[in-house]
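Novice: below is the structure, and that's it, no one-letter string:
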């Protein structure tokens, strides 16, 4: 764990451009978001974020930032929106952080060039990822005190506009759900129809009528029906399904 | 008309970030795109583009760039994707332009600072606009030789990745069409059901079955039925409709 905050150097990165990742998972009938807490005095939560090297594709940078916190490279990841308000800057967040951590941040404060680099206005590109929470072991990086899954209805207050970014990512997920058939990325390899319905209900935060829902999903012709799930009561056992195009 | 190309100065703009606008219109049963041709020797077409002032919201910059070529501010305009390949640069385009226009470009070539600014890698944010072609008089700016509507199936070869951007904007338009009910932005104030169907057929480049299509559109409950259109044959006259939420 580093004792000093090293502001990212101007060297190698595109200035004033960042990437923030909203990583969605699903567990206990609730949509979750993976949120690191910064390893400093004060309560600072921030989305997994980073910058783009000058010789790196923007999409590759997003994959790198995602992989840094998840260990996973081959997951659903897509841009959802650019956040580009003129007033969007790290300045007030960093001032608070420095005031609460004078011992740790001496070097950073003294390095005016890096401080000016990081406190300029940043345009950020929002990406969202859909992951199977069973497959993922969250990874702390050197700035993290902890990294945890938070239910989307019980998120901490994050820095900057990160809570707004999560809300916009959720909106996009809802809009894209049927059209892109992406929800299955949140489920394990096999699942029951009831589990699919519970997932949709968690994402849209409203109930669906069972028969209509099942018909709609089956009509998509994207699921393969497997053997029945063993529950101990054979005649009541539900079928297991698998997503064909995964 | 300026005789010299003035590269945008570093002063005031965010470096390495640009905006490109795909402006869609609809006429003669064909989707069209508004494309300026540059006022230089050589055949250079480019999407309406620009940069973001440091004190300007990204969305406001897109509105400004759109207004510059259309005179319109209050039209449907939305981000669709960031294009951020590491190799994305104006360098080879500008080298061609300079080779064909040595007389006009002396000042630009001599101003190394500006030349270095404009030939760096640029990450660009793609916006698309939907406009009523009847309301719009395309405006040349000082770099344009001409500015014209091109049918989407008969586009010139544009600089950089601008043709790919148009293709991606069309994909987004198709994906968003029903969900966001945005197609009506391309039509005049009032229209017949047949005209709506022809518009959808132009966008999706395939026919729709008349009865199904009309039922689907009317079921959206977003259209107000007005008087019949006068065609001279009263009994055959189609109804006119108006979009309610415009």
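Specialist: Sure thing, it's come through. Because the structure is a prediction, the values reported are computed rather than measured.

Novice: let me see the contact set for the closest residue to residue A:93 other than its chain neighbours.
Specialist: Nearest residue to residue A:93, sequence neighbours excluded (C-beta to C-beta, 6 or more residues apart in numbering or on different chains): residue A:159, at 4.7 Å. In short, each C-beta sits where N, CA and C put it, glycine included. By C-beta atoms under 8 Å, 6 or more residues apart in numbering or on different chains, residue A:159 lies in contact with A:44-46, A:93.

Novice: please repeat the previous calculation with a cut-off of 6 Å.
Specialist: Residue A:159 makes contacts with A:44, A:46, A:93, as judged by C-beta atoms under 6 Å, 6 or more residues apart in numbering or on different chains.

Novice: pLDDT at it, what is it?
Specialist: Listed pLDDT for residue A:159 reads 96.

Novice: tell me the spacing between it and residue A:94.
Specialist: 9 Å (C-beta to C-beta, to the nearest Å).

Novice: do residue A:241 as well
Specialist: Using C-beta to C-beta, residue A:241 is found at 48 Å from residue A:94.

Novice: helix B:162-180 and the longest helix anywhere in chain A, what's the angle between them?
Specialist: The single longest helix within chain A, with elements called by DSSP state H, is helix A:162-180. Here helix A:162-180 runs at an angle of 90 degrees relative to helix B:162-180 (axes from the mean of the first three to the mean of the last three C-alpha atoms, to 10 degrees).

Novice: helix or strand right after helix A:162-180?
Specialist: Later in the chain than helix A:162-180, the nearest helix or strand by DSSP states H and E is strand A:190-192.

Novice: buried ones in the longest strand seen in chain A?
Specialist: Ranked by number of residues, the top strand in chain A under DSSP state E is strand A:13-27. The neighbour-count check on strand A:13-27 (16 or more other C-beta atoms under 10 Å in any protein chain shown) flags A:13-14, A:16-26 as buried.

Novice: picking that back up, quick one: which of residue A:241 and residue A:94 has more around it?
Specialist: For residue A:241 and residue A:94, the more surrounded residue by other C-beta atoms under 10 Å in any protein chain shown is residue A:241, and the numbers stand at 22 against 19.

Novice: now do the contacts for the more buried one.
Specialist: By C-beta under 6 Å, 6+ apart, the contact set of residue A:241 is A:191, A:223, A:225.

Novice: ok, now residue A:208?
Specialist: A:197, A:201.

Novice: give me the pLDDT for it.
Specialist: What the model reports as pLDDT for residue A:208 is 93.

Novice: look up how far chain B lies from it.
Specialist: Separation of residue A:208 from chain B (C-beta to the nearest C-beta, to the nearest Å) stands at 18 Å.

Novice: quick one: the helices in chain A, in order.
Specialist: Secondary structure of chain A by DSSP H: the helices cover A:58-70, A:91-100, A:106-110, A:112-119, A:162-180, A:193-204, A:210-219.

Novice: now, of these, which is deepest in the fold?
Specialist: helix A:58-70 (a mean of 20; mean count of other C-beta atoms under 10 Å in any protein chain shown).

Novice: is that one in proximity to chain B?
Specialist: Yes - Helix A:58-70 reaches chain B (C-beta under 6 Å from any C-beta of the partner chain) through residue A:58.

Novice: average model confidence for that helix?
Specialist: Across helix A:58-70, the average pLDDT comes to 96.

Novice: for that helix, packing partners?
Specialist: Using 3 or more C-beta pairs under 6 Å, 6 or more residues apart in numbering or on different chains; DSSP states H and E as the contact test, the elements touching helix A:58-70 are strand A:13-27, strand A:49-53.

Novice: what's the closest of these to residue B:62?
Specialist: Among those, the nearest to residue B:62 by C-beta to C-beta is strand A:13-27 (16.5 Å).
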